[in-house]
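Undergrad: Provided below are the primary sequence and the corresponding predicted coordinates.
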Amino acid sequence: MESWGPGRHFSSGRHTHESARRAGQGPPGLIGRIHPQYMLVLVAVLGLIAAATMSGAIQGRVPASAGVPPVWSVSPSPAPTGATGPVPATGPASSAGSPSAAPPAPVTTPAPAPAVAAPPKPAIGGALDAEINAVIQVNNGFRVGVALIDVADGVVHEYGVKTKFVAASTGKILAAAAYYHLVETGEASLRTPMGASTAGQQIRQMVQQSNNDSWTLVLSAVGYRGLTSYAASIGVPYDRPVNALTPAEMARTLTELYSGRLLNAENTRQLLSYMQKTNYEVLIPAAVPPGVSVFHKYGLFNGYLHDASILVQGERAYVFVVYTLGRDMSDMAARTRVIHQLTRTVTAGLF
């Protein structure tokens with residue numbers, strides 16, 4: 001390739017390169033006195049400079065996030081008065097800055113229907129009363145008395161026989177509460193020696209195992225007069241030699257115990273714990289559905305068969321007492337079935 005460089009230096013502009021043939025005409029292959037190869041380089045450089053200049057101008061107007069593919073979005077206008085649904089977003093703006101199309105009319109979306117909560121179990125009332133009375137009536141060959149209390153309101157509901165029964169071993173709850181009361185007033189101690197153990201152990205044996213020897217020891221410590229006075233102080237007319245209570249009186253005693261109005265919290269918890277996993281769980285506990293806790297004290301003496309219970313599920317608690325009197329021990333199985341029928345009726349209606 002021919003190389004071209006500057007000619008000899010002359011002092012006058014009239015002199016040209018030795019290869020010039022005519023005035024005003026540059027050397028062969030020169031455009032405006034620039035070689036075509038350098039012209040191509042120059043054009044490329046100028047193009048790059050122009051592109052860089054334009055890019056800088058654009059970036060001066062576009063936020064840094066413009067490197068992300070643009071997504072058209074227009075903030076929705078406030079909903080017209082009376083519209084309850086959202087206003088759909090419009091399309092991209094035109095070059096004039098106004099929307100390219102009018103937004104569609106707002107769509108009213110109906111509010112979702114509120115979730116329907118399961119209706120609560122009905123309180124003790126007419127329907128359950130009728131079912132309990134029906135079970136008692138069918139089994140009218142026995143003397144049956146029932147008391148039911150919702151601990152939340154303390155109202156006593158009575159069915160069947162409402163007069164006194166021999167309380168049998170259900171009366172041991174009164175004896176236990178009376179001794180705990182002496183402990184709380186500083187007149188006795190659960191650590192006091194009593195029989196072959198302590199007063200606290202004797203109370204446990206009396207309630208959980210229905211031990212009659214323990215009952216005798218506790219009664220001796222409380223005293224017959226002391227027990228009668230204590231029962232009267234909580235609103236229960238009780239004659240210890242007869243050991244007689246109505247189902248409602250027993251139910252009120254258990255309600256006061258569970259509510260914490262009978263004893264302090266520690267003694268309440270302890271006595272209730274003794275009323276679980278007893279030595280005789282075949283009456284009310286045997287017919288209670290899963291998920292319901294039972295605290296109870298049964299009674300069995302000659303023709304008397306009783307169970308006095310507190311039924312608890314979550315925040316709901318009910319006192320449920322059944323007293324029965326039959327001929328003797330020979331019909332105890334039949335009366336056990338009556339207690340089961342009543343228990344299933346009550347728990348189905350309340351839980």
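TA: The structure has been received and is ready for your questions.
Undergrad: the residue lying closest to V288 once chain neighbours are set aside: what's it in contact with?
TA: In space, V288 comes closest to V294 once its chain neighbours are excluded; the distance is 5.4 Å by CB to CB, 6 or more residues apart in numbering. Backbone N, C-alpha and C define where each C-beta goes, glycine included. The contact partners of V294, taken as CB atoms under 8 Å, 6 or more residues apart in numbering, are Q276, I284, P285, V288, S309, I310, L311, V312.
Undergrad: for A334, same thing?
TA: F142, G326.
Undergrad: and it, what element?
TA: Here A334 sits within helix 332-350, counting by DSSP states H and E.
Undergrad: if you count neighbours, what's buried in that helix?
TA: 332, 335-336, 338-343, 345-347, 349-350 (16 or more other CB atoms under 10 Å).
Undergrad: average pLDDT for the helix or strand the residue nearest to V288 falls within?
TA: Element membership of V294, judged by DSSP H and E, is strand 293-301. For strand 293-301, the mean pLDDT works out to 98.
Undergrad: which strands and helices lie in contact with the next helix or strand after that strand?
TA: Remark: after strand 293-301, the chain's next helix or strand is strand 304-313, criterion DSSP H and E. In this structure, strand 304-313 makes packing contacts with strand 165-166, helix 247-258, helix 284-287, strand 293-301, strand 316-325, helix 332-350, judged by 3 or more CB pairs under 8 Å, 6 or more residues apart in numbering; DSSP states H and E.
Undergrad: and with 6 Å instead?
TA: helix 247-258, strand 293-301, strand 316-325 (3 or more CB pairs under 6 Å, 6 or more residues apart in numbering; DSSP states H and E).
Undergrad: same list (those) but as a markdown table, adding distance to A221.
TA: Below are the helices and strands packed on strand 304-313 laid out as a markdown table (distance: least, CB to CB, whole Å):
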| stretch | distance to A221 |
| --- | --- |
| helix 247-258 | 19 |
| strand 293-301 | 19 |
| strand 316-325 | 26 |
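Undergrad: tell me which of the ones you listed lies nearest to V218.
TA: Nearest to V218, of all the helices and strands packed on strand 304-313, is strand 293-301, at 13.8 Å by CB to CB.
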